[in-house]
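# Provide a 3D model corresponding to the input given below.
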Amino acid sequence: MTTAQDVRNYLRNKPYLLEALEKGIVNLSELSRQIQIELKTRNITATKAALRRFAEELQKHKQKREEKVLYVLKRSGIAVYDRKAVIITAKEIAVKSGMRVDLPDKFVYLLDRADLPERVSTLIKHDNCTMIVVNSPEELEATVGVVAFLTTLLAEQNVNIVEFISCWTETIIVVEKKDSLKAYEALTNLVG
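Numbers count the residues shown, from 1 in each chain. The predicted model follows:
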């Protein structure tokens, strides 16, 4: 395997480094030295050259990908639903309405707080949540990076996502009530 292939393989599993390279905000000499140490290679010049070429490629692709993502999101709408709850149970429960996801050994429910069963054995319960729904055009399905863009945007605002569901043109993001205003502001600044 060549040095260039080694460098690419090393970076593929490091999303924060890839993002820094895409933005051109990383010291290539220092990163080359760190990669050289981790990969136990001797040729710093080849490592740095491979890193520089890879960074240039990433920057070209990022700009095109981001334009497509923003084009879809600018044509999206946003709705906010308060008083939601997320519960995770080991056994199926009867509920009037809401959403349910069946996992191999548990069930995840997204419900109105008013519809929470009184007696249910939960593994996890978040009962003070807000659900934000981003409704996008059908191109969402074929646009790479929308989910990554949204989750990174919220992570940069220090918003923890309790649950995340992407269903065709709807992207459902559930956050704790305390984070709902930050999440809403970040998303509405982006979404048309």
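
# for the residue most central in space within the chain, which non-adjacent residue is spatially closest?
Central residue of the chain (Cα atoms, centre = their mean): residue 151, 3.0 Å from the mean position. Sequence neighbours aside, residue 161 is the residue nearest to residue 151 in space, at 6.6 Å (criterion: Cβ to Cβ, 6 or more residues apart in numbering). Backbone N, C-alpha and C define where each C-beta goes, glycine included.

# does the one you found touch residue 150 like I think?
No. Residue 161 lies out of contact with residue 150 (Cβ atoms under 8 Å); the separation is 9.1 Å.

# what touches both of those two?
Shared contacts of residue 161 and residue 150 (Cβ atoms under 8 Å, 6 or more residues apart in numbering): residue 173.

# more crowded one of these two?
More neighbours surround residue 150 than the other of residue 161 and residue 150, with 24 against 16 (other Cβ atoms under 10 Å).

# elements contacting the helix or strand hosting residue 64?
Here residue 64 sits within helix 44-74, counting by DSSP states H and E. In this structure, helix 44-74 packs against helix 3-12, helix 15-23, helix 28-39, helix 146-156, with contacts taken as 3 or more Cβ pairs under 8 Å, 6 or more residues apart in numbering; DSSP states H and E.

# tally of neighbours for residue 86?
Residue 86 has 21 nearby residues by other Cβ under 10 Å.

# over to residue 29?
Using other Cβ under 10 Å, the number of residues around residue 29 comes to 10.

# now swap in residue 153 and tell me
By other Cβ under 10 Å, the residues close to residue 153 number 16.

# which residues touch it?
186, 187, 190.

# can you list those in a markdown table and add distance to residue 128?
Converted to a markdown table, the contacts of residue 153 look like this (distance: Cβ to Cβ, whole Å):
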| residue | distance to residue 128 |
| --- | --- |
| 186 | 20 |
| 187 | 19 |
| 190 | 25 |
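
# scan the residues you listed and report the most crowded one.
Neighbour counts for the contacts of residue 153 peak at residue 187, which has 22 neighbours (criterion: other Cβ under 10 Å).

# nearest residue to the residue in the chain sticking out farthest from the centre in space, please, no chain neighbours.
What lies farthest from the middle of the chain is residue 42; by Cα atoms, centre = their mean that is 36.3 Å. Distance criterion Cβ to Cβ, 6+ apart; nearest residue to residue 42, sequence neighbours excluded, is residue 36 at 7.7 Å.

# ok, that neighbour touching residue 45?
No. Using Cβ under 8 Å, residue 36 is not in contact with residue 45; the gap is 10.1 Å.

# and these two? Which one has more around it.
Taking neighbours as other Cβ under 10 Å, residue 36 and residue 45 compare with residue 36 leading, 20 against 9.

# if I look at that one, how far off is residue 68?
35 Å (Cβ to Cβ, to the nearest Å).

# domain assignment for this structure?
Split into domains by automatic domain parsing, the chain comes to 3-62, 75-188.
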